[in-house]
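[1] Provided below are the primary sequence and the corresponding predicted coordinates.
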Amino acid sequence: MLHIYCPHCGEYREEDEFHYKGQAHIARPLDPEACSDQEWGEYLYFRDNPRGDHREVWFHATGCRKFFNVVRNTLTYEIRESYLIGTQPKGDAPLGAADS
């Protein structure tokens, strides 16, 4: 079982208190009406699927009910860092192309 640190609560909790919500740092198009069908489809459906460190959004469903980001290794499931939305991780995990 994973133990995930919630940066809002300030403590580690068991993974069944949380829900994975997808890739972190996905920027919504500024003008969705101006997007082509292909651009809008890429925004909605295409996500990175790296081997190694991946930035993810998690939701503390049975705790504080707040969202936060996690850097998790997709091969080992090791959680390297939890951090607040709107911030960048402090660790040395390399930034992916979608994390600009």
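    That came through fine.
[2] Flag the shaky bits of this protein, pLDDT-wise.
    92-100 (pLDDT under 70).
[3] all helices in it, in order from the N-terminus.
    Ranges of helices in the chain, per DSSP state H, are 37-45.
[4] which one in it is furthest away from the centre?
    Farthest-out residue of the chain from its mean C-alpha position, per CA atoms, centre = their mean: Ala34, at 26.6 Å.
[5] So which residue is smack in the middle of this structure?
    The centroid of the chain falls nearest to Glu56 when counting by CA atoms, centre = their mean (1.7 Å).
[6] what's the spacing between the residue farthest from the centre of the chain and Trp40?
    Ala34 sits 10 Å away from Trp40, going by CB to CB, to the nearest Å. Heads up, the C-betas are built off the backbone N, CA and C, glycines and all.
[7] Do you have the strands of this protein handy? List them.
    For the chain, the strands defined by DSSP state E cover 3-6, 11-14, 18-23, 53-60, 67-73, 79-83.
[8] Determine which of those approaches Leu44 most closely.
    When the strands of the chain are compared by CB to CB, strand 18-23 sits nearest Leu44, at 11.0 Å.
[9] export that closest one as PDB, just CAs?
    What follows is strand 18-23, C-alpha atoms only, in PDB (Å, rounded to 0.1, in the frame of the first residue of the first chain):
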ATOM      1  CA  PHE A  18      -7.000   9.400  -2.300                       C
ATOM      2  CA  HIS A  19      -8.100   9.400  -6.000                       C
ATOM      3  CA  TYR A  20      -5.800   9.800  -8.900                       C
ATOM      4  CA  LYS A  21      -7.000  12.600 -11.200                       C
ATOM      5  CA  GLY A  22      -4.600  12.500 -14.200                       C
ATOM      6  CA  GLN A  23      -1.500  14.200 -15.400                       C
END
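[10] Just want to check the distance between the nearest residue to Leu75 once chain neighbours are set aside and Thr76.
    Leaving aside its sequence neighbours, Leu75 sits nearest to Arg51 (CB to CB, 6 or more residues apart in numbering; 5.8 Å). Between Arg51 and Thr76 the distance is 10 Å, computed by CB to CB.
[11] on that earlier part again, do you know which of the strands of the chain lies nearest Phe46?
    Judged by CB to CB, the one of the strands of the chain that comes nearest to Phe46 is strand 18-23, at 9.8 Å.
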